[in-house]
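Q: build me a model from this:
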Amino acid sequence: MPKQRLLWISLLVVLIIGALLWRRFSADKIEVMVAPVERGLVEKVVANTRAGTLKACRQAHLSPAIGGQLSVLAVQEGDLVEQGQLLLELWNKDLIAEKQLAASEVRSARAQAESARVQMETSSREAKRLQNLIKIAAISEETLDKANSLAEEKRFTYQAALAAADTRAARLDVLTAELERTRLLAPFPGIVAEIHGELNEYITPSPPGIATLPAIELLDISCFYVTAPIDEVDAAKVVVGARGRVTMDAFGDKHFEARVRRIAPYVLDLEKQARTVEVEMEFTGSIEIKSLLSGYSADVEIILEERGSTVRIPTQALLPGNRVYVYEPDKGRLEARTIQAGLSNWDRTEVVQGLQAGELVVLSIDQPGLKDGIAVKLSGKESGPDSRKP
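A: Numbering: from 1, shown residues only. Predicted structure coming up:
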């Protein structure tokens, strides 16, 4: 009986020790996050180095051509205007009066020219009539000479009257141009973004080399584009017409299809250690223009190369030297493996050789203690950091 009791006690101790050891080693297993190796699209892209800006295709900072007192402000901020519509007008009553006077002088000069024309034609006909009479000796040579001289005089008088009328008309054109310079018209259809000035204030255009606020800022809201800086190292890889995507903070994760419409022909050296090239992107897909506001911050991705339906993994699973940790479900252990990587971006990396679709790679590569052959347990399984890409 004592031997049997001792046997049971020994067996119980072994079970307890085994349970404790199992619990200890089980608790010491590292938890890892894994993602499946899959097939899909991988793109090689170039992104902006600093935030880009959404801009209207046409944006005008308008001021009158001359200085003066603001007498008419025909629009308000937010108004939609048509091309040629009056925006503002300076005090110009003196020019209006001068123009009316000049118009009257033009009419008077033209009337005088018409009178001179009639007199010229009359004297010319008289000279021709006397020319016929001289042939039959009905008049003297002296009478004919006087008639010819008078006809010539009337011709010069008519020419002088025409010149005077042209001078008056030119003066009227000058006053008309001066009057037009007191009026500011919309150069294109758009929306009034800002107005800098109030009625009866004196406003002036910007002198050369001195920046002053424009009287009116006008935006064409029928068309928008994005301008963004890219690193000078990547500039040579980008070509006009290249496809890309635009994202804006105002629209969250939503992305808009776009293409490169212009690459600046020079490098910006505003930051000596980070020189950039400005790239302009125009939208190619459907977009609600009314929802856009000029000045939105924007980011761009320009597609340099792409491959579809290729084996790919999340880029965050890649270790230096193109190594990955592969999780073996049947063994519960990790296998360190070197792969041959192809195209890559911040989100996905193409696997040319070394992995097959369906295998599991470790995402939490910064977990301390990871090594080849170690036993691990799963803390979760993800499809990758960005599920919006196919």
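Q: now the helices for the protein?
A: Here the chain has its helices, by DSSP state H, at 2-27, 93-134, 141-180, 232-235.
Q: show me what the second one is packed against.
A: Other elements packing on helix 93-134 under the criterion 3 or more C-beta pairs under 8 Å, 6 or more residues apart in numbering; DSSP states H and E are helix 141-180. The way it works is simple: take the backbone N, C-alpha and C, and place the C-beta from them, glycine included.
Q: picking that back up, nearest to Ala74 among the helices of the chain would be which one?
A: Of all the helices of the chain, helix 141-180 sits nearest to Ala74, with 15.1 Å by C-beta to C-beta.
Q: could you give the angle of that closest one to helix 93-134?
A: Relative orientation of helix 141-180 and helix 93-134, computed by axes from the mean of the first three to the mean of the last three C-alpha atoms, to 10 degrees: 160 degrees.
Q: just the buried residues of helix 141-180, please?
A: Under the neighbour-count criterion of 16 or more other C-beta atoms under 10 Å, helix 141-180 has 147-148, 150-151, 154-155, 157-158, 161-162, 164-165, 168-169, 171-172, 175, 178-179 buried.
Q: that helix - contacts with which helices or strands?
A: helix 93-134.
Q: centre of the chain to the helix it packs on, how far?
A: Put simply, helix 93-134 sits 59 Å off its chain's centre (C-alpha atoms, centre = their mean, to the nearest Å).
Q: same deal with stretch 240-257?
A: 13 Å.
Q: could you list the buried residues of that stretch?
A: Neighbour-count burial for stretch 240-257 flags Ala242, Arg243, Gly244, Arg245, Val246, Thr247, Met248, His255, Phe256 (criterion: 16+ other C-beta under 10 Å).
Q: can you give me the end-to-end span of it?
A: Its first and final residues considered, stretch 240-257 spans 15 Å by C-alpha to C-alpha, to the nearest Å.
Q: before we move on, what about stretch 259-269?
A: Stretch 259-269 end-to-end distance (C-alpha to C-alpha) = 25 Å.
Q: just use 34 as the starting number from now, easier for me
A: I'll keep to 34 as the first residue from here, and by that count the last item is stretch 292-302.
Q: average model confidence for that stretch?
A: Stretch 292-302 shows a mean pLDDT of 90.
Q: ok, and for it, which residues are buried?
A: Arg292, Val293, Arg294, Ile296.
Q: then stretch 308-328?
A: The neighbour-count check on stretch 308-328 (16+ other C-beta under 10 Å) flags Arg308, Thr309, Val310, Glu311, Val312, Glu313, Met314, Phe316, Leu325, Ser327 as buried.
Q: reformat these into JSON lines and put distance to Glu115 and pLDDT next to each item.
A: Shown next, in JSON lines, are the buried residues of stretch 308-328 (distance: C-beta to C-beta, whole Å; pLDDT from 0 to 100):
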{"residue": "Arg308", "distance to Glu115": "43", "pLDDT": "87"}
{"residue": "Thr309", "distance to Glu115": "38", "pLDDT": "90"}
{"residue": "Val310", "distance to Glu115": "37", "pLDDT": "93"}
{"residue": "Glu311", "distance to Glu115": "32", "pLDDT": "94"}
{"residue": "Val312", "distance to Glu115": "33", "pLDDT": "95"}
{"residue": "Glu313", "distance to Glu115": "27", "pLDDT": "95"}
{"residue": "Met314", "distance to Glu115": "29", "pLDDT": "95"}
{"residue": "Phe316", "distance to Glu115": "24", "pLDDT": "93"}
{"residue": "Leu325", "distance to Glu115": "21", "pLDDT": "86"}
{"residue": "Ser327", "distance to Glu115": "19", "pLDDT": "89"}
